[in-house]
Each structure stands twice: as structure tokens, then as C-alpha cells.
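In: when you get a sec, could you give me coordinates for this:
(one chain, ligands or ions: 2)
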Amino acid sequence: MYLKKCQDENLDILQTTLVRDLTHHEVSPKTETPLNQAEIARYSRQLILPEFGPRGQRKLIAASVLIVGCGGLGCPSAIYLAAAGVGRLGLIDYDVVELNNLHRQILHTEKRVGISKAVSVASTVKALNSHVEVIPYEVALTSDVALQVISNYDLVLDCTDNVATRYLLNDACVMANKTLVSGSALRYEGQLTVYHYQGGPCYRCIHPKPPPPETVANCSDGGVLGVVPGLIGCMQALEAIKIISGLGSPLSQKLLLFDGLQGSFRTVRLRGNKDSCEVCGETPSIVKLIDYEQFCGAPATDKSRNTTLLEKDKRVTVEEYKAIVDAKSPYVLIDVRLPVELEICSLPNCMNIPLTNICKAESTAAIKETLSSLGTKKVYCVCRRGNDSQLAVQQLQSALNHNDYQIKDIIGGLTAWAHTIDSTFPVY
Ligand SMILES: Nc1ncnc2c1ncn2[C@@H]1O[C@H](COP(=O)(O)OP(=O)(O)OP(=O)(O)O)[C@@H](O)[C@H]1O
Ligand SMILES: [Zn+2]
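Out: Ligands and ions are numbered 1, 2, ... in the order given. So this is what the prediction gives:
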């Protein structure tokens, strides 16, 4: 597959090359080859570290690392591994760069919005260290291809953002006997650990069952301060370098917890490898990759999806809501987002009652009072994308406990309003 055309001159390095197919495999064991003059000059500051030295550098140059996910964790991991001189880097991501990625996915650029993330990271990495062989894969890692891809690399970094891919990567790494360096970051906090390292536990040993999908938060809904995945991604690169070069003690059977607000790092001990683990135990029941979306009850993406909970007559489209606004007849608009989100943008004349408070006595009392002062029984609920507003309608129907009220949600929320009615309205 040829790369997409892009105005960015940095991508020229890759414009003429092919994005390799999934079976690409080149093994060049260079651990015994002495470092050349250029390598000695380039890596001199780490070569003089007694524990690392030329031996560690030769191991890095001979090694291959697969980075799955070229986002907030994948960017810092990739650039530090390339800078340190890892011989071959595989970069997998099916997604394209978006403007809202740039606060943390720092290897992409404004000009590359809309371009493959894997290609973008490959380009930046290659510009820093042209000696590193860089292989971008513009695909999703799925059960069909995971073992094939992973088998071409010595070590794997999980820089993704969803539970289904975490289980897939774990199982594939156990089956292919590869160590997995796993990172995660959300809001102001991050976590880091190493799975399946020299008999240590795998992800399933610690988490045999996936969490209920509704309990899993993501950056798109929960937010993340960019520097937090930056730190965790750098530390994934550090773990990778330690494992490859035999330095120090990797975070196997240990979980590092970073609290950005406190500025604190803590390491907790994890349980060891579990004999009864379904994938790495003594008699594994999972011997080939399964359907991980089905297993987790959630898609292998953290992109929010719209669900339909309400009957059609309990909903209005943004066009219908616009007509209601223009008609100037009384109604109450309740914005059920968090107050901080209303600071970003909001529709005029709304009451802000976050979804978590919607059933509280003071909330329902305030709604009833406003309805009666306006002389109306019409309530519209709105949120960012149209999921929470439906939950709000359901909860208000029973909390207000009054058949006379007409409570409806606005389909697609403020995002649909921005796309369909008011193109100047911010989307976040
Ligand atoms: N199975 C997979 N195969 C390939 N790439 C994946 C897979 N699962 C997730 N990813 C990629 O991992 C990256 C994770 O990046 P990050 O957590 O920073 O979030 P994002 O999806 O880019 O942004 P946001 O959550 O804000 O929309 C994403 O680029 C995503 O496309
Ligand atoms: Zn296990």
C-alpha cells in the first residue's frame, strides 16, 4: 500500500517507500558486530555508562520492538527508542491524526491532520535517527494478524487505549513468547508494568475477567493532561531498553503508579504467575486468539459510540430543537454535562444539572420551580454527544413522577448542533 500524499516535507522520507505488509521479517543479529565510528560518536553519552556500555548498545541495535498504538503513549516510546538506537521499530495504528491529538501525541504535526498516525510517527522517528529501520503498519491489530506481526519482533509495547486490544496483545504475546510492556494514562494518572517477562505474570493472571464496559473511562470522555502519557510512554521506552540490554530490574510483577497531581511515583507488588491462568497457566484453555470484542463486550477502540435508549417520541433532532427555539414558546433546557464542560461551550438559557445529580431532590425541585415559573411542562435534555441526555430523560421521567411533563433529549447533543445547525459552535 502506498502512502497518502501529504504537504509535509518531512513525510518525503517515506513517500517513496512502501508501508510493509504484515509478514515483513528481517532478522539481522548484530550483537557481535563491533560499533562503527558513527555509532560510537552518536551514542557516546550512553556508551560510557558502565552497566550499559558498547555491549548494551549492540543489543539495542540488534533488537526489534513493536509499538502498538501511535498516540499519547506510542509517540514518546517511539522517539526515545529510536533516539537510543533500537535497530528496528514496527509502528501499528489504523487511525489518522486529529487536531485534538496534538496536545499529547507530539510526533504528529498540524500539517499531518488526516494522515496515518503510523506513517506520521515513522516519519518523525526517521528524521531523528535515519539508522533505525522503521516499519509503519496502517492497520488495526486484530486476532487475524496479531501473531503474524508480533512474531517478527523481540519485544512488544502496548500503547493502546482499549481493553479488547489489551487482552488480544496479552494473549498473542504469551502465545508468541514475547514480553509485553504495558502502559496506560488517564486524567492526571498513569500506570506501567511488564507482562510475561521471564516467568512473570501476564495480564490475565492479574485480570482474568474484563471489567464491565460501562466502568471503563477513556481520554475522550474523561480527559488527559498531555504530559502524563508523555511520562508513561518515556518509561515504557526505558523498560524496553532495560529488557533488551539486560539493565536493572524490569517492572515485572510490579505496577508503577504515577499521580501527576501529587507528583508521586509508587510501585506496588503484583501477584506472580497464576498456575490456573487461562493463557499462561499450566493447562491453558485459550490456545488460539479469540474474538476479544465479544469477550470484553466492548469494541477495540475508545471512540465513543452513540446508543439509542429512548423511543422516538422521547427525542428531538437538532433541527426540531432549532424550530422550538425559534418558535419562542417556553420550555426548559437542561444541560447534563459537568460544569467545566459548560465553560467550554453551551447553548443559551440552559440549566446545568450534571447527570449524576439529576435525581437529587434539590435538582427536581429546581426543575419543577422553573417549569412552573415559565408556565410550561416541556423539558429538553442535552449533553455532548447524545448518550447522557437519554439517561437523564429516563431518570427524570421517574424522578419527576408526573405524566404531564414532556421530557425529551436532543439527538446527537451539542456535537450534532455544531455539525448541523451552527458551524461556529465549538466541538470538543
Ligand atoms: N487494535 C489496535 N490496533 C492498532 N491501533 C490501535 C488499536 N487499538 C488502539 N489503537 C490506537 O492506539 C492509540 C491510542 O492513542 P490514545 O490513547 O492517545 O488515544 P486516541 O484514540 O488517539 O485519542 P482520543 O481517545 O482522545 O480520541 C490510538 O491512536 C488508536 O488508534
Ligand atoms: Zn497469565
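In: what parts of this structure come near ligand 2?
Out: Cys202, Arg204, Cys205, Cys277, Cys280 (CB under 5 Å from the ion). Quick note: C-beta positions are derived from backbone N, CA and C, even for glycine.
In: cutoff 8 Å now
Out: 170, 174, 195-196, 201-206, 273-274, 277-281 (CB under 8 Å from the ion).
In: just these: which are in helices?
Out: Asn170, Val174, Tyr203, Arg204, Cys205, Ile206 (DSSP state H).
In: what segments of the stretch 201-350 of the chain are helices?
Out: Assigned by DSSP state H, counting those that start in this stretch, the helices in the stretch 201-350 of the chain fall at 203-206, 219-222, 227-245, 292-296, 318-327, 339-344.
In: what's in contact with the second one?
Out: With contact meaning CB atoms under 8 Å, 6 or more residues apart in numbering, helix 219-222 is reached by Gly72, Asp161, Ala185, Leu186, Arg187, Asp302, Lys303, Ser304.
In: pipe these into a markdown table and attach pLDDT and neighbour count per row.
Out: Below are the contacts of helix 219-222 laid out as a markdown table (pLDDT from 0 to 100; neighbours: other CB atoms under 10 Å):
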| residue | pLDDT | neighbour count |
| --- | --- | --- |
| Gly72 | 98 | 29 |
| Asp161 | 94 | 24 |
| Ala185 | 97 | 28 |
| Leu186 | 96 | 20 |
| Arg187 | 97 | 14 |
| Asp302 | 78 | 19 |
| Lys303 | 75 | 10 |
| Ser304 | 69 | 13 |
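In: how about those in JSON lines, adding distance to ligand 1?
Out: As requested, these are exported to JSON lines (distance: CB to the nearest ligand atom, whole Å):
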{"residue": "Gly72", "distance to ligand 1": "3"}
{"residue": "Asp161", "distance to ligand 1": "3"}
{"residue": "Ala185", "distance to ligand 1": "8"}
{"residue": "Leu186", "distance to ligand 1": "9"}
{"residue": "Arg187", "distance to ligand 1": "12"}
{"residue": "Asp302", "distance to ligand 1": "5"}
{"residue": "Lys303", "distance to ligand 1": "6"}
{"residue": "Ser304", "distance to ligand 1": "8"}
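In: out of those residues, who's nearest ligand 2?
Out: Nearest to ligand 2 among the contacts of helix 219-222, counting by CB to the ion, is Asp161 at 21.9 Å.
In: dump the helices of the stretch 201-350 of the chain to a markdown table, plus distance to Glu369 and mean neighbour count.
Out: Output for the helices of the stretch 201-350 of the chain, formatted as a markdown table (distance: least, CB to CB, whole Å; neighbours: other CB atoms under 10 Å):
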| stretch | distance to Glu369 | mean neighbour count |
| --- | --- | --- |
| helix 203-206 | 50 | 22 |
| helix 219-222 | 31 | 15 |
| helix 227-245 | 42 | 23 |
| helix 292-296 | 44 | 18 |
| helix 318-327 | 21 | 15 |
| helix 339-344 | 20 | 12 |
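In: can I get these in TSV with mean pLDDT and distance to ligand 1?
Out: Listed next are the helices of the stretch 201-350 of the chain as TSV, based on pLDDT from 0 to 100; distance: least, CB to the nearest ligand atom, whole Å:
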stretch	mean pLDDT	distance to ligand 1
helix 203-206	98	15
helix 219-222	86	4
helix 227-245	98	6
helix 292-296	96	9
helix 318-327	97	23
helix 339-344	97	15
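In: make a markdown table out of these and add distance to Ile358.
Out: Output for these, formatted as a markdown table (distance: least, CB to CB, whole Å):
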| stretch | distance to Ile358 |
| --- | --- |
| helix 203-206 | 36 |
| helix 219-222 | 18 |
| helix 227-245 | 30 |
| helix 292-296 | 29 |
| helix 318-327 | 19 |
| helix 339-344 | 14 |
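In: now do the contacts for the residue in the chain that ligand 1 sits nearest to.
Out: For the chain, the residue positioned closest to ligand 1 under CB to the nearest ligand atom is Gly71, at a distance of 2.0 Å. By CB under 8 Å, 6+ apart, the contact list for Gly71 reads Asp93, Asp95, Asn101, Arg104, Gln105, Lys117, Cys159, Thr160, Asp161, Pro229.
In: those residues: which two are farthest apart?
Out: The most widely separated members of the contacts of Gly71, counting by CB to CB, are Asp95 and Pro229 (15.3 Å).
In: who wins for most neighbours among the contacts of Gly71?
Out: Compared across these, Cys159 has the highest neighbour count, 31 neighbours, by other CB atoms under 10 Å.
In: so that residue touches Gly69, yeah?
Out: Yes - Cys159 is within contact range of Gly69, at 3.7 Å (criterion: CB atoms under 8 Å).
In: what number of residues lie near Tyr405?
Out: By the measure other CB under 10 Å, the count of residues near Tyr405 is 17.
In: could I get the contacting residues of the residue nearest to it when sequence neighbours are not counted?
Out: Counting by CB to CB, 6 or more residues apart in numbering, Lys377 is the residue found nearest to Tyr405 once chain neighbours are left out, at 5.0 Å. Going by CB under 8 Å, 6+ apart, Lys377 touches Leu371, Asp404, Tyr405, Gln406.
In: where does Lys377 land on pLDDT?
Out: With respect to pLDDT, Lys377 scores 94.
In: what are the phi and psi values at it?
Out: The phi and psi values for Lys377, taken as degrees, to the nearest 10, are phi -120, psi 10.
In: what's the answer for Gly272, then?
Out: Dihedral angles for Gly272 - degrees, to the nearest 10 - are phi -80, psi -170.
In: same check on the one 3 residues further on?
Out: The phi and psi values for Asp275, taken as degrees, to the nearest 10, are phi -50, psi -30.
In: which residues does it contact?
Out: Contacts of Asp275 by CB under 8 Å, 6+ apart are Gly281, Glu282.
In: go with 10 Å
Out: Cys205, Gly281, Glu282, Thr283 (CB atoms under 10 Å, 6 or more residues apart in numbering).
In: which of those residues tops the neighbour count?
Out: Neighbour max across those (other CB under 10 Å) = Cys205, 25 neighbours.
In: number of residues surrounding the residue lying closest to that residue once chain neighbours are set aside?
Out: By the measure of CB to CB, 6+ apart, the closest residue to Cys205 outside its immediate chain neighbours is Lys274, 4.1 Å from it. The burial count assigned to Lys274 is 16, neighbours taken as other CB under 10 Å.
In: just Gln394 next, same as before
Out: When neighbours are counted by other CB under 10 Å, Gln394 comes out with 16.
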